[in-house]
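Chemist: build me a structure from this.
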Amino acid sequence: MSKQDYMNIAVQEPPLDYSFRSIHVIQDLTSEEPRRGLRPLRHSKSGKSLTQSLWLNNNVLNDLKDFSHVVSQLLEHPEKLAWIDLSFNDLTSIDPVLTTFFNLSVLYLHGNSIQRLGEVNKLAVLPRLRSLTLHGNPIEEEKGYSPLFSSTAISLDMTLH
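Modeler: Below is the predicted model of the structure:
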């Protein structure tokens, strides 16, 4: 399969969805079955998912230890990961591992326990990041927080509801 063929397929693939699974640690993803959507997930010959989206929302994750390793076990092309949903977990910081996914364009972190505005600066290295949600975190109360975050490296909409 050519790189272009993969990109065309992956963009249309449903997410690998582990939401609402009461997952405490990332390593549990390897033994947990993803939720089934309306469309079936496609897999490579090696059995790994061809998607570019990983949904881990509404769990009880408090860190992302071994995230890269586990993602490489689940996805055929982890470097193509474009959408990560970590909303409604127990994360207190933005783990630097997220900055290693350079194709990331959507990152949902709303409804966590992120407290420091400086955490957001870590994401400035992600050239394709276009959508970041942080509402529902203690960070909202910090001086300098704004629904529109801009820096020279990124410009993101942080929707407040």
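Chemist: now the strands for the protein?
Modeler: Applying DSSP state E to the chain gives strands spanning 16-17, 53-55, 83-85, 106-108, 131-133, 148-150, 155-157.
Chemist: G118 is nearest to which of the ones you listed?
Modeler: With CB to CB as the criterion, G118 lies closest to strand 148-150 of the strands of the chain, at 12.1 Å. Placement of C-beta: from N, CA and C, glycine included.
Chemist: give the rounded mean pLDDT of the closest one.
Modeler: The predicted model assigns strand 148-150 a mean pLDDT of 47.
Chemist: before we move on, what about stretch 53-65?
Modeler: Averaging pLDDT along stretch 53-65 yields 98.
Chemist: buried set for it?
Modeler: Residues S53, L54, W55, L56, N57, N58, N59, L61, D63, L64 are the ones in stretch 53-65 that count as buried (16 or more other CB atoms under 10 Å).
Chemist: weakest of the strands of the chain in terms of mean pLDDT?
Modeler: Looking at those, the lowest mean pLDDT belongs to strand 155-157 (a mean of 42).
Chemist: now distance to S31 too, for the strands of the chain, in JSON lines please.
Modeler: Output for the strands of the chain, formatted as JSON lines (distance: least, CB to CB, whole Å):
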{"stretch": "strand 16-17", "distance to S31": "14"}
{"stretch": "strand 53-55", "distance to S31": "16"}
{"stretch": "strand 83-85", "distance to S31": "20"}
{"stretch": "strand 106-108", "distance to S31": "24"}
{"stretch": "strand 131-133", "distance to S31": "29"}
{"stretch": "strand 148-150", "distance to S31": "37"}
{"stretch": "strand 155-157", "distance to S31": "34"}
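Chemist: what is the least confident helix or strand in this structure?
Modeler: Every helix and strand in the chain was compared by mean pLDDT, DSSP states H and E; the lowest is strand 155-157, with a mean of 42.
Chemist: in this protein, which residue sits furthest out from the middle?
Modeler: Residue farthest from the centre of the chain, counting by CA atoms, centre = their mean, is K143 at 25.9 Å.
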